[in-house]
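**Q** here's a sequence, model it:
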Amino acid sequence: MAISVIINNPQNDFESKFYIQVAYLSFFERCWLPGINALDLWWIGLFELGVEVTEANLPIILDELNQLKNGQLII
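**A** Below is the predicted model:
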């Protein structure tokens, strides 16, 4: 199993869905979840369960990904 991004109705005319694998579930659980929990991140913690997001959600998701990447707690 994998953590993936699925874009429904991409802006090109070639596909009805666009799929990008982000991480294997075992890697996500072993490497991402400890940081997500330590930083108390909400959105990217939902990736494990599957969540539908909109373009409006992207700024906070990208911010959380940067926090995880940098290992910083932003209050």
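**Q** just give the nearest non-adjacent residue to Asn57, would you?
**A** Counting by CB to CB, 6 or more residues apart in numbering, Asn57 lies nearest to Trp43, which is 6.9 Å off, once chain neighbours are set aside. The C-beta positions use only the backbone N, C-alpha and C, and glycine is treated the same way.
**Q** nearest residue to Phe47 other than its sequence neighbours?
**A** If the residues on either side of it in the chain are set aside, Phe47 comes closest to Ile3, at 5.1 Å by CB to CB, 6+ apart.
**Q** if I pick the closest residue to Tyr24 other than its chain neighbours, what's in contact with it?
**A** Once flanking residues are discounted, Tyr24 sits nearest to Ala2: 5.4 Å by CB to CB, 6+ apart. Contact analysis of Ala2 by CB atoms under 8 Å, 6 or more residues apart in numbering lists 21-25.
**Q** quick one: secondary structure of Gly50?
**A** Secondary structure, DSSP: H, G, I helix; E, B strand; the rest coil: Gly50 is coil.
**Q** quick one: pLDDT of the most centrally placed residue in the chain?
**A** Nearest residue to the geometric centre of the chain (CA atoms, centre = their mean): Ile44, 4.6 Å. For Ile44, the model assigns a pLDDT of 90.
**Q** that one and Ile36, how far apart?
**A** Separation of Ile44 from Ile36 (CB to CB, to the nearest Å): 6 Å.
**Q** how about the strands in the protein?
**A** Assigned by DSSP state E, the strands in the chain fall at 2-8, 17-24.
**Q** and stretch 27-41, average pLDDT?
**A** If you average the pLDDT values across stretch 27-41, you get 91.
**Q** ignore the last one, stretch 59-75
**A** Per-residue scores along stretch 59-75 average to 83.
**Q** which of the contacts of Ala2 count as buried?
**A** Not one of those meets the buried threshold, by 16 or more other CB atoms under 10 Å.
**Q** tell me the one among those nearest to Gly71.
**A** Nearest to Gly71 out of these is Ala23 (CB to CB; 17.1 Å).
**Q** related to what we said a few turns ago, can you count the residues close to the residue nearest to Asn57?
**A** As a burial measure, Trp43 scores 17 neighbours (other CB atoms under 10 Å).
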